[in-house]
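J.: Return a 3D structure for these sequence lines:
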Amino acid sequence: MFDRNAIEEIAEKSKAEKWPYPKIFNSLKDAGVEYYETSVSTHEIVYHGSGESWTEPAPEGFVTLEVSPTFDGAGVRDAILKNQRKETNYTEFLQGIAAAGCTHYRVDMNTREIAYMGDNGEAYIEKVPDFKE
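T.: Okay, here's the model as predicted:
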């Protein structure tokens, strides 16, 4: 069951406590999220589940990003790796994937995959590892 209040709480708490992404993923899945989509240029995140949706607003002060017209899968992968190594924060991660031509990404909770997509149907797929505390 899609629990909007739980999703909002996860969105806030995970940022404040700097949760690792697999923990955020599992928590959102437990809250009934089936998939979500993020617009890279605007930082708009729309969560979907049980026929419902909720849009998380962009953080205060977020500046719209320009996305490169050329998709570069290796550049997307590099931005992901830098973020996983904690060399970048989330906004810098978005800047990195925007520079690599990623316009949006879709996270599928059932397949545990994130598809980073360009304007012309290009995609780079990343698996979400399981989280163990």
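
J.: Without its sequence neighbours, what residue ends up closest to the residue nearest in space to the middle of the chain?
T.: Taking CA atoms, centre = their mean, the centroid of the chain lies closest to Thr38, which sits 5.7 Å from it. Nearest residue to Thr38, sequence neighbours excluded (CB to CB, 6 or more residues apart in numbering): Ile45, at 4.8 Å. Backbone N, C-alpha and C define where each C-beta goes, glycine included.

J.: Now do the helix or strand hosting Thr55: everything it contacts.
T.: Thr55 belongs to strand 52-56 when elements are defined using DSSP states H and E. With contact meaning CB atoms under 8 Å, 6 or more residues apart in numbering, strand 52-56 is reached by 2, 4, 7-8, 11, 44-47.

J.: In whatever helix or strand comes next after it, which residues are buried?
T.: On the C-terminal side of strand 52-56, the nearest following helix or strand under DSSP H and E is helix 73-84. Burial within helix 73-84, assessed by neighbour count using 16 or more other CB atoms under 10 Å, is assigned to 73, 75-76, 79-80, 83.

J.: which pair in these spans the largest distance?
T.: Taking CB to CB as the measure, the buried residues of helix 73-84 span a maximum distance of 15.8 Å, between Gly73 and Asn83.

J.: Which residue ranges of this structure form helices?
T.: 4-16, 21-30, 73-84, 90-99 (DSSP state H).

J.: who does the longest one touch, helix- and strand-wise?
T.: On a contact count with 3 or more CB pairs under 8 Å, 6 or more residues apart in numbering; DSSP states H and E, helix 4-16 meets helix 21-30, strand 52-56.

J.: quick check: angle from the longest one to helix 90-99?
T.: Think helix 21-30. 90 degrees (axes from the mean of the first three to the mean of the last three CA atoms, to 10 degrees).
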